[in-house]
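Enquirer: This is a predicted model, with the sequence first.
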Amino acid sequence: MSDLFGTLPTPAKPVPTYADRPFTLSDKITCLDREIGKRIGVYRGLVTAGKMRREKADEEIALMVAIKRDYLQCVFCGLSAADWHAPEMVAGNLRARMAVRLTEHRGLYVCQKCKPE
């Protein structure tokens, strides 16, 4: 193969493709956390340099946090991880609080109350 860069060598190993990899929910949430942290750092610099409005930076970061919040809720009833610390949950007994824990089920989060048997 000859082009602008000359003849390119054939790779010894096939280049891995991740298009078909089954990423877990935990993988996705870890990636979201990493991306939110990167955006905070990059946007801080852009705002300081006057290349981005503070409102736009806040909106973009809030959007990523909202996406993470969507991942961290029961797909059936909408109970979220934030609900674990709601006053009515904290006031209840330990057994009631444990019942709202989210678990991964077929790549989605489901609370104990809604989890299919």
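Expert: Yep, that arrived.

Enquirer: chain center to stretch 65-84: distance?
Expert: Distance of stretch 65-84 from the chain centroid (Cα atoms, centre = their mean, to the nearest Å) equals 11 Å.

Enquirer: Repeat that for stretch 58-73.
Expert: The chain centroid and the centroid of stretch 58-73 are separated by 8 Å under Cα atoms, centre = their mean.

Enquirer: in that stretch, what counts as buried?
Expert: Across stretch 58-73, burial judged by 16 or more other Cβ atoms under 10 Å covers 60, 61, 64, 68, 71, 72, 73. Quick note: C-beta positions are derived from backbone N, CA and C, even for glycine.

Enquirer: How about stretch 18-28?
Expert: residue 25.

Enquirer: Measure how far it is from the centre of its chain, please.
Expert: In terms of Cα atoms, centre = their mean, the centre of stretch 18-28 is set 11 Å apart from its chain centre.

Enquirer: ok, residues contacting it?
Expert: Here stretch 18-28 makes contact (Cβ atoms under 8 Å, 6 or more residues apart in numbering) with 71, 104, 107, 108, 109.

Enquirer: ok, now which ones touch residue 49?
Expert: Residues near residue 49 by Cβ under 8 Å, 6+ apart: none.
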